[in-house]
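Peer 1: Model the following, please.
(3 chains)
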Amino acid sequence: MNDSLLVLSIASAVVASTPILFAALGEIIANRSGVMNLGVEGMMLVGAVVGFWAGNETGSLTLALLAGGFGGAGLALIHALLAVTLRVDQTVSGLSLVIVGGGFSSFIGTSGEPSLLSAPNAVDVVPFFPEALRDLPAVGPILFGHDVVVYLGVVAVIAATWILNRTPSGLSLRAVGEDPAAADAAGIPVVRMRYLATAIGGIGAGIGGAYLTIAIVGTWQNGLTAGIGWIAVALVILAGWRPWLALIGALAFGGLNGLGFTLQLAQVDVPSDFLKMMPFIAAYLVVIAVSGNPARARRLAAPAALAQPYAREAR
Amino acid sequence: MTSLIRVEPRGHAGSWVRFGVPALALLFALALGGGILAIAGNNPFEAYRTMFDASLNGWSAMSRTLALATPLILTGLAAAVAFQMRVYNIGGEGQLYLGAIAASWVGLYLPETTPMVLMLGAMLIAGALAGAFWALLAAIPKAYFNADEIITTLMLNFVALSLMNYLIFGSQSFWRDPRRPVPGGKRLPENAILPSLSGRLHFGIIIAVVAAVVLWWILRRTSWGFQIRTIGDSPRAASYAGMSVKLKTLGVLAVSGALAAIAGVSEVSGVSKGLEPRAIATEIGFTGIIIAVVARSNPLGVVPVAVFLAAIATAGSRLQSIGIAVEVVFLLQGLIFLTVTAGEFFVSNRVRFERTAEAEQPGDSSPTTELPAGAT
Amino acid sequence: MTTEPIHLEVRSITKSFYGVAAIDSVDFDLRGGEIHGLLGENGAGKSTLCSVLSGLYRPDSGSVSIDGHELQFRSPQDAASAGIGMVYQHFRLVDSFTVAQNIVLGLRKGQRPKSIRQVETMVSDLADEYGLHVDPTAPIWQLSVGEQQRVEILKQLFRGAKILILDEPTAVLAPQETDRLFEAVETMVAKEHAVVLVSHKMAETMANTDRITVLQRGRNAGSVRTGDTGPADVARMMFGDAKAAERTTIAGPDEVGDPVLTLSNVSVLADKGMTAVDDVSLTVRRGEVVGIAGVAGNGQRELQEAIAGLRPTTSGTIDINGTDCTSTGPKGTMRAGLAYVPEDRLGVGLAPGLPLEHNIALKNHDRAPHSRKGILSTSSIEETTNRLVEDFDVRGNRKGMRVSLMSGGNLQKAILARELTEAHDVLLAAAPTRGLDMAAAAAVRTHIINERADDRGVLVFSEDLDEVIHMSDVVLVMFKGRIVGRFVRDEIDVDRIGLLMTGSQDEEAPADASEASIVLADRVDNERPAAETPPSTIAGAAS
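Peer 2: The predicted structure follows:
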């Protein structure tokens, strides 16, 4: 039963959802502070290459993830400098990040002798729970068959929800994203808050990228994220900037690839390319639906000051 | 806020500021790139020298650069025209694919005996219409529900990408060549291929440059352009003057989508000569957005900026011969985008180092900061 | 705790922007237990002084001290911890947060209660203590403007402010709310707090303060005990000479002509969906200036926008010079002959980032001679611009410069130039002199009044009662979206208008408003034969 197609595809969806989840959570934190960072794809790539390199050097999953997080944060801080301090258009800065991240990661990945392209994966990713639990029928592989990072993702969702909604820091963070002038007047350091949130966004994307290379793909390839960063951006909108909804959405999107395979075997002919469109069509429709209805907008819309630079003298 | 630094908006930036700052930013990016090259163990001067020779020195180098610049000019114009109205078309990428799909369909569908002018004309029109249609999918919700076009245009890119992939990799579609072992598009007939000017450089560059001039003229010298610029500056003033913001939103995004799509037409017809997703999906649309920003949304500025970026990209393959990874060119492009867009801050603001700390402005100079009328 | 009431001293503070002194050697003295009025015209330096006190700006020179200790504020937080709390005209509240969340926002660990429940209780107690009632669990967006203001004050009190600076606190309030505010202020003062009331409204300041400091053009113009002085003296300090304080009217022509603007029973919604304009009817005739007086926020802006075609009406009709313009949009009202000088110059009247030529051609760029078949004639636009710059004395333009860099007076002249040189029959002008210096304001008024001589109709909205009376042949009073009074030039009763503006007489004739209006209409008809069929405009004015 544990080898049944359904169980295996759900289990693989859980793993595939993890990089999306980390990237999306980071982006939620950044967005909640009012910083739109479209550079998720770029930050994931940098996190991926740095993480893979660190993994190769040390063989340690922890160090690889940490390095990936640092890589993503480094790129994110460039975005913060541009978008927060220099008030460059956040859309433009974010897109630049995608290009820089792509270029930098490919450059690092192909330079050096021998290059990372030919490097094998030196990190051993092991399941977190004991075999007894993993062998349980159905729930074993689905719930207990994964490495520690998958569970950390869930922990991160809980932590993000709690911090955003239940702590003074979360309140301050949201205030900065809703109304930076009001937050400033209340003594909250708007700039510092936005830098911090943007960096957290980068850490999320970087960890996601590192996990992707090490635990899922297993090798480094140029541009290996193949649009996962963009799925995370779409997911943030679909989840209405709520961490736990992002968790559900990440699971759904993580399963899309596997779903195509499953459907094929079940003689249902839905081309996988159409499945890949789903997150984007859904985000597109949600944006329109929310815009058409102010009541829905209040519940589901973006932080009020999202993508708006703040300068004290502007008000 | 950092103390000792004082930032104040520059009223009227002189031309030495408007051109000097981006030039400095460019030099800074090149220095940064040089530093990275040096750290990676290469000689940056040799690298830049090689790049210059490969992309700008001499006609054959230049023609390769211009060939690469062609689609960038068009997607740059697409973004620029929308920016003029302060509308964000982040969907150039997807509109480009749609243009490529539609144009290759026309090229494969019409009889091979169709005169070349008619054939190419039909492909351009079909491509432009398809791109405009794709842009309107975002423009209509924008105009009627005020749906954020940044997100909608962005999302539609990936829908278009999957669609294009499906046509070649996911199905036995009309576009796909069944005889090729590796999935690929059918080759376009000779009369559907933009004539070559020199080597890889094809007629598309002329279309692109003409488009830039025409667009500049339309924006500057027609009442449509006048209205676009008014709305871009102040939608409320535009409504006050009786302009229809809705219709202009539809119009400007349709034009923008059409321009991006023409880049797609130019790529299938002039470069890949068939619908080849791998050759077409190279972030030309995204790059166009940044080109437009660097060119400050001026259509005439888009051309040199696009050519410069193309020059860097062209140089990539030659760098390999001196042992530097091709990918460094993307890194350089990205660094230039970052430094030049950051430089815009110093164009519009004056930064001074003094003793006083805060960024300030008199509180009562502008009537717009007065009491919120209608705050009931 | 404190034995002595708090004592704030400001000594010769100077603060310049771009080399121009916004305040110059200003002194200010404030003691606990007093309400201190800070009076001055727009641009007199009130807000700059307040921004220095609240730590937003650092002065170039001079000192601020509290109880004899000189203080340097590096940020608003420094001022807050010294006990100074500022309540801005634009509230600094996060709309989607609750009252309690807004109040604790940004507090440091030691200052902040453990749970939000605790905060809610404390806020409730504080609200009871000062008479500033508000539900601590309600989100801000559900609150009225008056309630939001109470939240702002509570926020400052919660943080231990001993000195409260209220910046134009009544500008956005309904009269009952104003009364409640001053009751709360009295309570604060009774508890040894000091309150600074920043205002440019003399009557309100005279009625509610213990001392008054007047600023004029960035300098001290005097500091007096309110009880020892009269409005005329204060006005002299504000404006520099006695002339400005006296009310003058300009004699109008004897004959008025046909109606050029007729509103019948017009109702309009505000942005948030509440009724902003409620069943308004009025008529403007050729050769007549009709002025609408009222406190800002009583539906004036919505009414202006409805007349200009920028905002849909929910009922009623708008007729401009014989053309029904109820739903024709701005283009239709322009064609029918409406010239419109909007309240918000840089936000609506002009495209701020574009050059003067562009703004001059804003409305007629698509017609000959400025364009033919959709192609612009830049030379024609340039010629017109040069001519109008000359004719209307618009200064400070450089070629290609964005208009937002010009001064308010020149911007207003540019708008007038554009609006008045285009063929039109009626001028709608909103707050035409707000924020302008004396000379520019006078020039603007002259242009408006000249319209009457040219046999056009004028409808002017202004918060400045003196200005309305000065210019108008007929004064209408607007309150809560309705026209509550109508006064013809010769029978203008300033005190009555003032009362109507503040709604003080509204409750006397609420039910039978229509009847009242007929009575008054008759009377108006008798006295002024030219003004026939005036409308049921006058609900509630009779008594």
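Peer 1: Other residues contacting stretch C:377-389?
Peer 2: B:221, C:356-358, C:360-361, C:365, C:369-371, C:394, C:397, C:414, C:417-418, C:421 (CB atoms under 8 Å, 6 or more residues apart in numbering or on different chains). Any C-beta I mention is one placed from the backbone N, CA and C, and that applies to glycine too.
Peer 1: quick one: which of those is nearest to C:A306?
Peer 2: C:R418 (21.7 Å; CB to CB).
Peer 1: Counting by contacts, list what the helix or strand harbouring that closest one packs against.
Peer 2: Element membership for C:R418 (DSSP states H and E) is helix C:408-421. Counting contacts by 3 or more CB pairs under 8 Å, 6 or more residues apart in numbering or on different chains; DSSP states H and E, helix C:408-421 is packed against strand C:338-341, helix C:356-360, helix C:378-391, helix C:438-453.
Peer 1: Give the helix, strand or coil label for the residue nearest to B:S317 when sequence neighbours are not counted.
Peer 2: Of all residues not flanking B:S317 in the chain, B:V326 sits nearest, at 6.2 Å (CB to CB, 6 or more residues apart in numbering or on different chains). Assigned with DSSP: H, G, I helix; E, B strand; the rest coil, B:V326 falls in the coil class.
Peer 1: Phi and psi next, for B:V326.
Peer 2: phi -50, psi -30 (degrees, to the nearest 10).
Peer 1: hang on, it packs against B:G316?
Peer 2: Yes - between B:V326 and B:G316 there is a contact under CB atoms under 8 Å: 4.2 Å.
Peer 1: In terms of neighbours, single out the busier of the two.
Peer 2: Neighbours per residue (other CB atoms under 10 Å in any protein chain shown) separate B:V326 from B:G316, with B:G316 holding more: 21 against 17.
Peer 1: before we move on, which element is the more buried one in?
Peer 2: Counting by DSSP H and E, B:G316 is part of helix B:299-321.
Peer 1: Which elements pack onto that helix?
Peer 2: Looks like helix B:299-321 contacts helix B:44-55, helix B:59-84, helix B:204-221, helix B:284-294, helix B:328-348 (3+ CB pairs under 8 Å, 6+ apart).
Peer 1: hmm, back to that, how close does the residue nearest to B:S317 get to B:I290?
Peer 2: Between B:V326 and B:I290 the computed distance is 20 Å (CB to CB, to the nearest Å).
Peer 1: Which residue does the stretch 251-400 of chain C have closest to chain A?
Peer 2: C:G273 (9.3 Å; CB to the nearest CB).
Peer 1: Contacts only, for that residue.
Peer 2: Here C:G273 is in contact with no residue (CB under 8 Å, 6+ apart).
Peer 1: Over to C:K15. Which of the three states is it?
Peer 2: C:K15 - assigned by three-state DSSP - is strand.
Peer 1: That one: how many residues sit nearby?
Peer 2: Neighbours around C:K15, by other CB under 10 Å: 23.
Peer 1: Tell me which residues touch it, please.
Peer 2: Counted by CB under 8 Å, 6+ apart, C:K15 has contacts C:21-23, C:48, C:52, C:57, C:59-60.
Peer 1: Reformat these into TSV and put neighbour count, pLDDT and secondary structure next to each item.
Peer 2: Shown next, in TSV, are those (neighbours: other CB atoms under 10 Å in any protein chain shown; pLDDT from 0 to 100; DSSP: H, G, I helix; E, B strand; the rest coil):
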residue	neighbour count	pLDDT	secondary structure
C:A21	17	82	strand
C:A22	28	84	strand
C:I23	29	90	strand
C:T48	27	87	helix
C:V52	26	90	helix
C:Y57	26	86	coil
C:P59	23	90	coil
C:D60	16	90	coil
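Peer 1: Closest one to A:V286 out of those, please.
Peer 2: C:Y57 (43.8 Å).
Peer 1: Of the helices and strands packed on helix C:408-421, which is nearest B:S55?
Peer 2: Closest among the helices and strands packed on helix C:408-421, once you apply CB to CB, is helix C:378-391, at 38.2 Å.
Peer 1: residues of the closest one that come out buried?
Peer 2: For helix C:378-391, a neighbour-count test (16 or more other CB atoms under 10 Å in any protein chain shown) marks C:380-381, C:384-385, C:388-389 as buried.
Peer 1: same question, stretch C:68-87
Peer 2: Buried residues in stretch C:68-87 (16+ other CB under 10 Å): C:71, C:73, C:75-77, C:79-87.
Peer 1: Looking at those, which is nearest A:P141?
Peer 2: The closest of the buried residues of stretch C:68-87, once distances to A:P141 are taken by CB to CB, is C:Q77, at 54.5 Å.
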